[in-house]
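> sequence-free structure coming up:
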């Protein structure tokens, strides 16, 4: 069965999660870090490695809508990233509402007992898991 790669795109990091083979659970993979926001070559290369390793059929990219549902400048940057994924890998990109996923990621870490001073190390990966899990739970039927 094909899998999905969930991505939480940011200026300097991309949190990565993958669906299990049955499409029921999102599993954290890693955080891809880059020194400059405009440098995507290595980021895309790593995403390609992961897509090949997991047999990805599509990408689920978190769309950072404003709380009122409107699109801001971050949405345009995210869509540019999505277009780069589509062009490079010839796989579909599904944009998924990521409002409040960072808040939820911090709550998950608190419940898991991750110390407050360690949470920034994991937040992007966990946010990618939250985005992908929400899509798995609601996207295919909604």
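Thanks, I have it. Model, not experiment: these values are computed from the prediction. Numbers count the residues shown, from 1 in each chain.
> how about the contacts made by residue 38?
With contact set as Cβ atoms under 8 Å, 6 or more residues apart in numbering, residue 38 has no partners. Every residue, glycine included, has its C-beta placed from N, CA and C.
> for it, helix, strand, or coil?
Here residue 38 is recorded as coil under DSSP: H, G, I helix; E, B strand; the rest coil.
> any idea how far residue 19 is from it?
Residue 38 sits 30 Å away from residue 19, going by Cβ to Cβ, to the nearest Å.
> same deal with residue 31?
Residue 31 sits 18 Å away from residue 19, going by Cβ to Cβ.
> between these two, who's got more neighbours?
Neighbours per residue (other Cβ atoms under 10 Å) separate residue 31 from residue 19, with residue 19 holding more: 25 against 20.
> got phi/psi on the more buried one?
Main-chain dihedrals, residue 19, degrees, to the nearest 10: phi -80, psi 150.
> give me the beta-bridge partners of it?
Beta-bridge partners for residue 19, by DSSP bridges, are residue 26.
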